[in-house]
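In: What follows is a predicted structure for the sequence shown.
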Amino acid sequence: MRRLPFHVQHIVERAMLALAVQPFTPPLRGLLRATYQDAMWMATAEGRFAANQTRLGDGDTRTSGYGVLNVGAGIRISKRGLVHHLSMHCDNVLDRDYRDQLSVVKDFLPQPGHGFRLTYALMY
């Protein structure tokens, strides 16, 4: 099975009487993910992005746009009626320093650098 989903999010304010931009309004954001999966193997790569935030509400601060790469791979093995699933994922592979417009601590701390997850699941 091969999939290539693409998601884009953009909040359009429709408050007719509002003269100012509402706080914590996110900029254009998106996700592009490619996934491969067969009976035994799985692999995924995804890119997350956000545009610069220049439309600021009360108390908001300007944030730069960003792009982040995440990857993962896994294996599924069936033995004696049990399914063992082992996977490893790395988020922010390139260790990009970025700040999310919707984070309440963005002015003090950037988003996490690269991180790893090793997951084992036993299905019976």
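Out: Perfect, I can see it now. Numbers count the residues shown, from 1 in each chain.

In: State the pLDDT value of residue 15.
Out: We have a pLDDT of 49 for residue 15.

In: Output the lowest mean pLDDT helix or strand found in this protein.
Out: Comparing helices and strands within the chain by mean pLDDT, DSSP states H and E singles out strand 6-9 as the least confident, with a mean of 58.

In: what comes up buried for stretch 28-43?
Out: 29, 42 (16 or more other C-beta atoms under 10 Å). No exception for glycine: its C-beta is placed from N, CA and C like everyone else's.

In: Mind checking what helix or strand follows the least confident helix or strand of the chain in sequence?
Out: From strand 6-9 onward toward the C-terminus, using DSSP states H and E, the following helix or strand is strand 29-37.

In: Beyond that following strand, next helix or strand please.
Out: Moving toward the C-terminus from strand 29-37, the first helix or strand encountered (DSSP H and E) is strand 41-50.
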